[in-house]
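Novice: Generate coordinates for the sequence data below:
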Amino acid sequence: MAGKTFEEKLNDNKDFPKIVQLSDPKQIHRYGGTRMLIAPPLAYDTLMKKVPSGKVTTTEIIRNKLADRYNADFTCPLTAGIFINIAAGASYERASNKTPYWRTLKKDGELNGKYPEGVEGQKILLELEGHEVIKKGKRYFVKDFEKKICEL
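Specialist: Purely as a prediction, here's the structure:
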């Protein structure tokens, strides 16, 4: 039996959104609060679709927007990364109604090697939209990404 497609994973909301109460002092200190949101995959996809050509956003901006929307202190970084990658995979599988996942960068403007076709694929798509991608060591970043942020 084949596993679920990315599109099926994207549309499987399970019991999300959910607010989890943290009680561990180390976690509370690390994340800055007790109310952690686990948002559904489609919530990430919806925000990623709002980023126009020539602009970018970051996973951190998306996470903060969702935390505000659901009155949480922060959004779970682990599930955020997984669900953003699911949105990218679902878009890549589709013939139309694409989500411009390549416009969602990691913190500090870094490209995401887990996206379909990896960093090289994301780099090409960003450069086609006028962004300059620079290499720092082994990592790639959008130059001056802060000037091109779409706050959502």
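Novice: How many residues are close by the nearest residue to residue 33 once chain neighbours are set aside?
Specialist: Of all residues beyond its chain neighbours, the one nearest residue 33 is residue 73 (2.3 Å), with distances taken as Cβ to Cβ, 6 or more residues apart in numbering. C-beta: built from backbone N, CA, C; applies to glycine. Counted with other Cβ atoms under 10 Å, residues neighbouring residue 73 total 15.
Novice: got a list of what residue 73 touches?
Specialist: Going by Cβ atoms under 8 Å, 6 or more residues apart in numbering, residue 73 touches 31, 32, 33, 34, 35, 36, 67.
Novice: Would you enumerate the residues in contact with the second one?
Specialist: This points to residue 32. Contacts for residue 32 (Cβ under 8 Å, 6+ apart) come out as 73, 74.
Novice: Backbone dihedrals for it, please?
Specialist: phi 80, psi 30 (degrees, to the nearest 10).
Novice: how about the contacts of residue 73, which pair is most distant?
Specialist: Spatial extent of these (Cβ to Cβ) is set by the pair 34 and 67 at 12.4 Å.
Novice: Would you mind telling me which of the two has more residues around it?
Specialist: Set side by side, residue 34 and residue 67 show more neighbours around residue 67, with 21 against 16, by other Cβ under 10 Å.
Novice: Find the nearest non-adjacent residue to the more buried one, please.
Specialist: residue 75 (4.8 Å).
Novice: Fine by me, thanks again.
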